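In: Fold the stuff below for me.
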Amino acid sequence: MRLKKPAVVLSAAVLLSVAACGGGDSGDSGSSGSGDSSLDAGTLGNTGGGQNPDAKAPVEIEGAEKGGTITVMTNLGLTTPIDPSDIYFVDTNAIMSNLVTRSLTQYIYDEKSGGMTLVPDLATDLGTPNDDFTEWKFTIRDGVKWENGDPVTAEEVAFGIVRSMDAKTFPNGPGLAYSNPFFLGGDTYKGPYTGKDPDGTKQKAVSVDGNTVTVKMSQPFPDFPYYGAFPAMGAIPKGAASDPAKYAQHPLSNGPYKITSYTNAKSLVLEHNDQWDPATDPGRTQYPDGYEFKAGLQLNQIDQILLGNQGEGQTSLTYDKIAAQDYRKFQQDSPDQLVEGPAPCTYYGAPDYRKITDKKVREALVWAFPYKDTILATGLIPGVTAIEATNIMPPGTPGRTEYNPVEGHEPFETDPEKARALLEEAGAVGTEIRFLWRTDNELNTKSKDVFVKALEKAGFKATPVATTEANYVVDRDDPNTDINYRSAAWCADWPSGATWIPPLFQTVNMKEIGQVGTNEAVFSEPSIDAKIKETIQMPADQQPAAWDALDKEIMTKYLPWVVQYYAGQAMAHGTRVQGFENDNTLGAPTYDRMWVSSE
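Out: Residues are numbered from 1 along each chain as shown. A predicted model of the protein is given here:
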């Protein structure tokens with residue numbers, strides 16, 4: 001899943017906000033109030049794989065109080081879509097899935113393991129497959145309602161699933177990575193809007209019989225229950241009510257909270273949805289009166305409000321990473337306000353494969369990149385929120401074996417002389433690197449300056465291309481934007497190489513969807529496309545080793561990425577915010593179990 005694709009993205013080596021989805025209950029816990037990092041860097045990629053098909057509703061938390069409003073402060077949040085079909089970023093996924101929208105399945109925090117577990121949601125269980133996993137059936141539970149009191153029907157769930165196949169209308173969503181490749185006919189079906197099929201009846205994959213939704217696949221998809229936890233795998237009203245342009249501003253709620261107001265990149269206010277019935281929901285709670293999300297605050301300001309712990313600060317939290325200079329203060333003075341834990345995410349730079357065609361130039365970028373200086377400039381914490389990285393997939397991903405993509409290069413090593421030597425060998429000294437710089441973002445400005453200095457020292461020409469926070473995503477994802485280097489981050493959608501290699505390195509039809517999609521490097525190699533297709537068809541027990549082999553082949557033979565670091569999380573909250581744990585599938589707060597204490 002995308003990290004602030006912006007969901008958390010590193011732009012020109014700068015941390016943005018939060019990203020991609022995850023999976024795997026490994027026992028890696030988010031720790032609240034430990035005072036010491038509980039991060040196990042060896043298991044980052046194996047979070048959120050546990051399942052409990054028998055989870056029951058309602059959910060009750062012992063000692064939890066009702067009332068109060070939780071304020072969520074963020075520097076760069078709320079810039080990604082909130083239409084369920086278009087959600088594929090960590091921050092908006094966590095907010096909407098936990099509080100507003102429901103899907104076939106969902107993740108809940110398991111207190112015993114300290115990790116996340118997959119449980120039913122709109123469906124009564126985790127689905128029933130046929131023998132070869134090319135068909136899945138889900139029974140949709142009764143009693144779920146929209147915020148206007150109308151019942152949520154199986155037909156609306158089916159329509160939501162069909163809607164995810166409209167890759168042109170929802171280019172940010174997960175459909176391009178999973179619905180179109182896996183759903184029967186998804187490779188040719190254009191969707192309800194692009195394909196002029198408003199009722200979603202001209203497709204072969206999704207059908208309804210009573211309360212049962214059936215999804216047919218073009219190839220085996222044993223992991224479909226994990227995909228079912230995405231907002232895109234939930235109900236959408238049919239007809240004019242879900243017109244994409246309007247629905248993107250106010251998706252209807254069938255969860256415990258509904259939207260009162262929303263301004264992109266600025267604010268989101270939620271209040272009780274009085275039509276939500278806890279007896280139908282085995283994962284969520286509704287203790288606070290509401291949530292108020294505020295974006296655009298300075299990171300230092302957020303940290304100081306939480307450290308001060310006065311007034312509204314007592315009922316506030318942030319999902320932004322705590323700055324390094326404030327981390328020790330929280331550990332020493334306010335350990336109960338600190339939430340730490342893993343996130344299955346990799347931060348990377350992506351030279352445009354169409355424009356920077358010489359591998360030696362891409363190798364020079366690996367040696368030139370200012371890893372440690374970027375971490376220092378952006379306030380990350382080595383070993384806690386920024387962990388040494390080599391492979392595409394983080395440690396703990398099933399089948400993963402470690403390697404170095406560039407011979408002799410060690411994680412976090414910068415050597416401008418080696419970079420310049422490679423440029424000289426390639427006859428490419430002075431190669432221009434054009435990357436986006438958000439002029440209204442203080443951290444991005446700092447990291448931009450560090451990146452420019454490092455590039456020039458190594459023999460490149462550095463050209464920051466000005467944009468703004470509001471325009472950043474559109475500019476970065478436009479394949480025609482005049483840049484040749486993109487910065488991004490990716491988190492596992494569940495613990496499998498299938499959630500890394502296909503969405504990030506499969507050739508994308510940019511002409512059709514108008515974006516680079518999730519393939520930020522614009523990487524395209526027919527032999528890799530063929531091996532991805534072959535691996536997906538393999539028996540499940542053979543896939544982990546095959547994905548690992550592709551990870552290594554892509555990076556050692558083609559080197560489309562500059563791998564920067566793996567992610568961990570360090571977040572904070574006021575003393576009256578309770579139930580805040582680290583959702584280690586996302587590296588995000590567990591909003592669905594929070595409450596406000598009276599003292």
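In: Neighbouring strands - and their directions - for the helix or strand encompassing residue 567?
Out: Secondary-structure assignment from DSSP states H and E places residue 567 in strand 562-573. In the sheet, strand 562-573 lines up against strand 316-318 (antiparallel), strand 338-351 (antiparallel), strand 386-387 (antiparallel) (DSSP bridges).
In: and the following helix or strand past the longest one, what does it pack onto?
Out: On the C-terminal side of strand 338-351, the closest following helix or strand by DSSP H and E is helix 359-368. Using 3 or more C-beta pairs under 8 Å, 6 or more residues apart in numbering; DSSP states H and E, the elements in contact with helix 359-368 are strand 338-351, helix 416-425, helix 442-458, strand 562-573. From N, CA and C alone the C-beta is placed, and that goes for glycine too.
In: Need the CA coordinates for stretch 137-154. CSV is fine.
Out: Taking C-alpha atoms only, stretch 137-154 is exported to CSV below (Å, rounded to 0.1, in the frame of the first residue of the first chain):
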residue,chain,number,x,y,z
LYS,A,137,-18.3,-16.3,-1.8
PHE,A,138,-19.2,-13.9,1.0
THR,A,139,-22.5,-13.7,2.9
ILE,A,140,-23.3,-10.1,3.7
ARG,A,141,-24.6,-9.6,7.2
ASP,A,142,-28.0,-8.2,8.0
GLY,A,143,-28.6,-5.0,10.0
VAL,A,144,-25.9,-2.7,8.6
LYS,A,145,-27.2,0.7,7.7
TRP,A,146,-26.0,3.8,5.9
GLU,A,147,-25.9,7.1,7.8
ASN,A,148,-29.3,8.0,6.3
GLY,A,149,-30.9,4.9,7.7
ASP,A,150,-31.1,2.9,4.4
PRO,A,151,-30.0,-0.7,4.7
VAL,A,152,-26.6,-1.7,3.2
THR,A,153,-27.4,-4.4,0.6
ALA,A,154,-25.4,-7.2,-1.0
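In: Residue 414 touches residue 365, doesn't it?
Out: No. Between residue 414 and residue 365 there is no contact under C-beta atoms under 8 Å: 11.0 Å.
In: Those two: which has the busier surroundings?
Out: Legend: neighbour count by other C-beta atoms under 10 Å for residue 414 and residue 365, higher for residue 365 (26 against 19).
In: Excluding chain neighbours, give the residue nearest to the more buried one in space.
Out: Distances taken as C-beta to C-beta, 6 or more residues apart in numbering place residue 562 nearest to residue 365, at 5.2 Å, with adjacent residues excluded.
In: That neighbour against residue 346, yeah?
Out: No. Using C-beta under 8 Å, residue 562 is not in contact with residue 346, being 11.1 Å away.
In: Which one's more surrounded, those two?
Out: Per other C-beta under 10 Å, whichever of residue 562 and residue 346 has more neighbours is residue 346, with 30 against 24.
In: Could you pull out the strands in the stretch 201-350 of the chain for me?
Out: 206-209, 212-216, 257-263, 267-272, 290-294, 316-318, 338-351 (DSSP state E, counting those that start in this stretch).
In: Mean neighbour count, those: which tops it?
Out: Of all these, strand 338-351 has the most neighbours on average by mean count of other C-beta atoms under 10 Å, namely a mean of 28.
In: tilt between it and helix 442-458?
Out: Angle between the axes of strand 338-351 and helix 442-458 is 40 degrees (criterion: axes from the mean of the first three to the mean of the last three C-alpha atoms, to 10 degrees).
In: Kindly provide the distance from residue 187 to residue 204.
Out: Distance, residue 187 to residue 204, using C-beta to C-beta, to the nearest Å: 11 Å.
In: which stretches of the chain aren't confidently modelled?
Out: 3-49 (pLDDT under 70).
In: change it to 80
Out: Low-confidence segments of the chain, defined by pLDDT under 80: 2-49.
In: Just the buried residues of stretch 119-137, please?
Out: 119-127, 129, 134-137 (16 or more other C-beta atoms under 10 Å).
In: now that stretch: how far from the chain's centre is it?
Out: 24 Å (C-alpha atoms, centre = their mean, to the nearest Å).
In: and what of stretch 572-591?
Out: 16 Å.
In: Then stretch 518-527?
Out: 19 Å.
In: again, but for stretch 471-489
Out: Relative to its chain's centre, stretch 471-489 lies at 17 Å (C-alpha atoms, centre = their mean).
In: What's the end-to-end length of it?
Out: End-to-end span of stretch 471-489 (C-alpha to C-alpha, to the nearest Å): 18 Å.
In: Next: stretch 162-179.
Out: With C-alpha to C-alpha as the measure, stretch 162-179 spans 8 Å from end to end.
In: And stretch 106-125, by the same measure?
Out: End to end - C-alpha to C-alpha - stretch 106-125 spans 11 Å.
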